[in-house]
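Undergrad: Here's a sequence, model it:
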Amino acid sequence: MSLGVGDPAPDFELPGTGDRTYSLADFAGRPLVLVFYPGDDTPVCTKQLNSYNDGLDQFEELDAQVVGISAQDVGSHEKFSDKHGFGFPLLSDPDKTVAAAYGILGPIGFPRRSVFIIDADGIVRYAHRAIAGLTYRPVSELLGALGKLG
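TA: Numbering: from 1, shown residues only. Okay, the predicted model is just below:
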């Protein structure tokens, strides 16, 4: 069964940028925009994460935290983040356990580009899983979903 809107968000604990480990509990009490992306420094992922970084002030106005997750190691994430100046953490899920918990693994085991918005109480309020992964959800759509959390 796939994780959907209204379900409790699966907990996680993953290493990430900034030389620390992050868990779902770290973001309790505020909305979380959880962005699963296929790979560091790939064309669509770079465009996607840069667009979210450019909209970071708008996310922060809604008290929302953006977090990226992919299977690359923390070293790769640090280089990618430093290169583009991301103002949000990138987490490493090399064995794809968290991707599996969120139901985003494709038929051959690759994580699909996906975004989940989790409310302050840890409940999924928005879920999008891309089929092809060549496009991503725009900042305006995510802000609209966050605005409905009220």
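
Undergrad: Secondary structure element holding the residue nearest to the spatial centre of the chain?
TA: Nearest residue to the geometric centre of the chain (Cα atoms, centre = their mean): V35, 1.8 Å. Using DSSP states H and E, V35 maps to strand 32-36.

Undergrad: quick one, what contacts the residue nearest to the centre of the chain?
TA: Listed by Cβ atoms under 8 Å, 6 or more residues apart in numbering, the contact partners of V35 are Q48, L49, Y52, V66, V67, G68, I69, S114, V115. Backbone N, C-alpha and C define where each C-beta goes, glycine included.

Undergrad: Report the beta-bridge partners for it.
TA: The partner list for V35 in beta bridges (DSSP bridges) reads G68, V115.

Undergrad: do you know how far E78 is from P138?
TA: Computed as Cβ to Cβ, to the nearest Å, the E78 to P138 distance reads 27 Å.

Undergrad: go on, G85?
TA: 20 Å.

Undergrad: burial of P43, as a residue count?
TA: 9 (other Cβ atoms under 10 Å).
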